[in-house]
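Colleague: Output the structure for:
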Amino acid sequence: MWKFISAGTTGGPLLRSLNGNKGRQTWEYDPAAGTPEQRAEAERLREEFTANKDKHHHSGDELLRLQSADRIRAKKHSPPSGPVPDAPDAERVEEHLKGAISFYECLQQEDGHFPGDYGGPMFLLPGLVITLYTCGALDQIFSPAHKKEALRYLHNHQNEDGGFGLHIEGGSTMFGTGLNYVMARLLGLAAEEPLCVKAREWMHARGGATYITSWGKFWLAVLGVYSWDGMNPLTPEMWLLPHNKWTGIGMLHPGRFWCHCRMVYLPMSYVYGKRGTCQETPLTAAIRQELYPMPYGRVDWNAARNQCAKEDLYYPHPLVQDILWWALYKAENVLQGSWLRRAALAECMKHIHYEDENTRYVDIGPVNKVINMLACWLEEPGGKAFQKHLPQGGSFSWKGCFAAGSSCCGLQPTAPVLIAAQAIAEAGLLQVSGHCLRKAHEYVEQSQVIEEAAAPLSAYYRHISKGAWPFSSRDHGWPISDCSSEGLKAALTLALLPEELVGPAISPERLYDCVNVILSYQNRDGGMATYENTRSFHWLEILNPAETFGDIIVDYSYVECTSACITALCSFRKQHPGHRAAEIAASLKRAEAFIRSIQRKDGSWYGSWGVCFTYACWFGATGLAALGHTYANDEALRRCAAFLADKQRADGGWGESYLSCQDKVYSHLEGDSHVVNTAWAMLALMAVGYHKVDPEPLRRGAVFLMRMQQPSGDWPQQHISGVFNRNCMITYANYRNIFPIWALGHFRRLVLLGEEEIKINS
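Modeller: Sure, this is the predicted structure:
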């Protein structure tokens, strides 16, 4: 049976951490673990999931819940039994909240974090498997039990047509199908197995693997089952360009790219420049023949460079990009093996080693993590840098009871703890939540970045980070504007509670450091981007070579990031009115103008990091509300409220499909409404004071949430809630608990008890 390990030290002396591995989540297989009843229940859940896999794509973290079963049975509070009344009173809602908080605390780990699935994309795990196979380390990281679960994952997420999607809810793509076919074969599945036969038929019917996206071409070339001549160049010499703006060409330097884009194409360009390829084996030789409907030797690789299946093509290459790739393609014969190429490769490795060392080999995300590992192996097979990568390899796999998927981060994102602390504290039920908040406070304190990455930051194109909260753990270390803001708000919220209940407050000096980082994020347009400032112009997107993702080159200002910064700075100046007051006021004024400028005519905002308009409306509304604007005095908020009220469904909830993100038009879910979308919409409406005008939509939304709540206090895992780069979705499993708690807490206090505002009760 699989066992969840929190803050584990598996990996030996090469595993490094700044805070005892807090937030690290791994799974270990022990055939003797659990009782016979627990093992039987796990098997029942697997069978149930497989039987419904085409309707319910998410594991629901049932294995994690099964492992917490003793705590769940022993908890003090559960939601009331029996039908939920149409007009619940405050006492009834309080009982639902107590049950929800008690349940969620059962999932909390000793280090204070809330574990959960953070997967969804179908192209992550194949990259890890291909890298480990190439480096001869697959069996070191993937035991037979790991391989079995990874293959179960593929069986459970293969679409009915035989293909695999970009993400677990998506239609089949060549990117998803090609990579997952290869992974199945590398993990031991025979070519004659039905899964492989169906996937191969899907690919061949669409021209074969030459029609895979550029990222897919890269991985197949690494494995030696696709020619490097069939790729548009990933020229490492880009890293030798001058960075200064005044040179003009410096605007094309990768240091000006969005950090996730930059840190992926950095090791990609190194591997491409070296033509790093797996040594041929009988298996790779067989796969090479299986991927194409014609003999491998007859493939036209020059034509293949720009081939892409229509199912994958979200961002077509503009003509100017094709011309650029043609010129660089012709130049490769000159560059390959030259002194300039050697200098470029050395420059790339300098930056790769910096990234590895300053993230404790977690790296900014799973894509660059595994390519960095591959680059280190290519530079020195068996070397120390490669060996340091291996202990973190297992951190990128999540067991959902029904399969091993890949996590989008090697450690749990900090956001669930940061927002859960606020949601639970604002419910005001400290007699139930005190212990939970104390552990959360410890995690909040331990996850703040308290020192900069290695100097000089400018040489490695890094933003300041001291005082920020990172996207993932402190070991991960990459600061981000919204997590920094939520961390600051969590710290400020918990500081208002009794020290004997939740522990000592974080010092003002550390909060000042966070404010300094938040203020530094503001762009010229008044908004805030994600990890860094906007460093170039939108026209640079013409260089976006990733056909399946949109807006990856530039770090833009977003309503979510900007609103999070607004609410954090507003909360901060209430408790620390004398610190940088004029700068904060000026920053807030510019940020407000940005949020207003990007509101759509229909009153909505477009969400870039969650699904989608309901998510962004929550941010837009709370940002303006924090500045004192309400439904009564602000036309923008009245339009936002009207937009949300119009989208409420017959069951009382809201339900938005991920198609909204792709198409940038609101799209309703089929079937039941979604508890997370419902909570976001309710929080937005209450933030602007809509309940004072018409409480009925809030009452209906609250009733929907309570009726969807399970007897344990949990909520069901529904459709996917997260997104990145417009077109790829992510699972945020903790959202189903956090946001209903937050929305019901506010509903009880603002609507039923008539409180004017949410104050932290000490």
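
Colleague: where exactly do the helices run in the stretch 51-200 of the chain?
Modeller: 62-67, 69-74, 90-107, 124-134, 138-141, 144-157, 174-186, 194-204 (DSSP state H, counting those that start in this stretch).

Colleague: again with the stretch 501-650 of the chain
Modeller: Going by DSSP H, counting those that start in this stretch, the stretch 501-650 of the chain shows helices at 508-520, 559-575, 581-597, 613-626, 635-647.

Colleague: Return the per-residue confidence for the nearest residue to Asp634 once chain neighbours are set aside.
Modeller: Distance criterion CB to CB, 6 or more residues apart in numbering; nearest residue to Asp634, sequence neighbours excluded, is Leu624 at 6.5 Å. Backbone N, C-alpha and C define where each C-beta goes, glycine included. What the model reports as pLDDT for Leu624 is 98.

Colleague: now Gly410
Modeller: 47.

Colleague: Output the below-cut-off pLDDT ranges for the protein.
Modeller: Along the chain, the model assigns pLDDT under 70 to residues 394-412, 762.

Colleague: Mind naming the longest helix for it?
Modeller: In the chain, taking DSSP state H as the definition, the longest helix is helix 339-358.

Colleague: buried sites along stretch 257-274?
Modeller: Neighbour counts over stretch 257-274 (16 or more other CB atoms under 10 Å) mark 257-274 as buried.

Colleague: Only alpha carbons, please: show the helix or strand containing Ala679 as CSV.
Modeller: Secondary-structure assignment from DSSP states H and E places Ala679 in helix 675-687. Coordinates of each C-alpha in helix 675-687 appear next as CSV, following Å, rounded to 0.1, in the frame of the first residue of the first chain:
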residue,chain,number,x,y,z
VAL,A,675,-18.5,24.3,-5.4
VAL,A,676,-15.3,26.2,-6.1
ASN,A,677,-16.8,28.5,-8.8
THR,A,678,-19.8,29.0,-6.5
ALA,A,679,-17.6,30.0,-3.6
TRP,A,680,-15.6,32.5,-5.8
ALA,A,681,-18.8,34.1,-7.0
MET,A,682,-20.3,34.4,-3.5
LEU,A,683,-17.1,35.9,-2.1
ALA,A,684,-17.0,38.5,-4.9
LEU,A,685,-20.7,39.4,-4.4
MET,A,686,-20.3,39.8,-0.7
ALA,A,687,-17.1,41.7,-1.0
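
Colleague: Who are the packing partners of the next helix or strand after it?
Modeller: Counting by DSSP H and E, the next helix or strand C-terminal to helix 675-687 is helix 696-708. With contacts taken as 3 or more CB pairs under 8 Å, 6 or more residues apart in numbering; DSSP states H and E, helix 696-708 sits against helix 90-107, helix 675-687, helix 735-746.

Colleague: got a markdown table for the ones you listed, with distance to Asn333 and mean neighbour count too?
Modeller: Putting the helices and strands packed on helix 696-708 into a markdown table (distance: least, CB to CB, whole Å; neighbours: other CB atoms under 10 Å) gives the following:
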| stretch | distance to Asn333 | mean neighbour count |
| --- | --- | --- |
| helix 90-107 | 57 | 22 |
| helix 675-687 | 53 | 29 |
| helix 735-746 | 51 | 26 |
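
Colleague: Check the burial of Glu696 by counting its neighbours.
Modeller: Per other CB atoms under 10 Å, the neighbour tally for Glu696 reads 12.

Colleague: typo on my end, it should be Ser536
Modeller: Ser536: 20 neighbours (other CB under 10 Å).

Colleague: In contact with it: list those residues for me.
Modeller: 251, 256-257, 553-554 (CB atoms under 8 Å, 6 or more residues apart in numbering).

Colleague: Please tell me how far it sits from His317.
Modeller: According to CB to CB, to the nearest Å, Ser536 and His317 sit 19 Å apart.

Colleague: how about the strands of the stretch 351-500 of the chain, start to end?
Modeller: Secondary structure of the stretch 351-500 of the chain (DSSP state E, counting those that start in this stretch): strands at 397-399, 404-406.

Colleague: The closest residue to Asp161 other than its chain neighbours: what's it in contact with?
Modeller: Closest residue to Asp161 apart from its sequence neighbours, by CB to CB, 6+ apart: Ser172 at 5.5 Å. Ser172 makes contact with 159, 161-165, 202, 311 under the criterion CB under 8 Å, 6+ apart.

Colleague: what's across from Ser172 in the sheet?
Modeller: Gly165 (DSSP bridges).

Colleague: Flag every buried residue along stretch 542-549.
Modeller: Buried-residue list, stretch 542-549, by 16+ other CB under 10 Å: 543-549.

Colleague: which of those sit farthest apart?
Modeller: Largest separation among the buried residues of stretch 542-549 by CB to CB: Leu543 and Thr548, giving 15.5 Å.

Colleague: thinking again about what came up before, and the longest helix of the chain, how far out from the chain middle?
Modeller: 27 Å (CA atoms, centre = their mean, to the nearest Å).

Colleague: Pull out the buried positions in it.
Modeller: Those would be 341, 344-345, 347-349, 351-352, 354-356, 358, for helix 339-358 by 16+ other CB under 10 Å.

Colleague: and which of those is nearest Trp239?
Modeller: Glu347 (4.7 Å).

Colleague: count of residues packed around the closest residue in space to that closest one that isn't next to it in sequence?
Modeller: Spatially, and ignoring its direct neighbours in sequence, Glu347 is nearest to Trp239 (4.7 Å; CB to CB, 6+ apart). By other CB under 10 Å, 24 other residues sit near Trp239.

Colleague: Quick check on Trp239: phi, psi?
Modeller: According to degrees, to the nearest 10, the main-chain angles of Trp239 amount to phi -70, psi -10.

Colleague: Am I right that Asn725 is in contact with Gly550?
Modeller: Yes - contact criterion CB atoms under 8 Å: Asn725 and Gly550 qualify, at 5.7 Å.

Colleague: Now Leu240: closest residue in space that isn't a chain neighbour?
Modeller: That would be Ala344: by CB to CB, 6+ apart, it lies 5.4 Å from Leu240.

Colleague: List the residues that contact the one you found.
Modeller: 235-240, 269, 273.

Colleague: Let's have the residues you listed in JSON lines, adding secondary structure and distance to His576.
Modeller: As requested, the contacts of Ala344 are arranged in JSON lines below (DSSP: H, G, I helix; E, B strand; the rest coil; distance: CB to CB, whole Å):
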{"residue": "Thr235", "secondary structure": "coil", "distance to His576": "49"}
{"residue": "Pro236", "secondary structure": "helix", "distance to His576": "47"}
{"residue": "Glu237", "secondary structure": "helix", "distance to His576": "48"}
{"residue": "Met238", "secondary structure": "helix", "distance to His576": "44"}
{"residue": "Trp239", "secondary structure": "helix", "distance to His576": "42"}
{"residue": "Leu240", "secondary structure": "helix", "distance to His576": "45"}
{"residue": "Ser269", "secondary structure": "helix", "distance to His576": "45"}
{"residue": "Gly273", "secondary structure": "helix", "distance to His576": "50"}
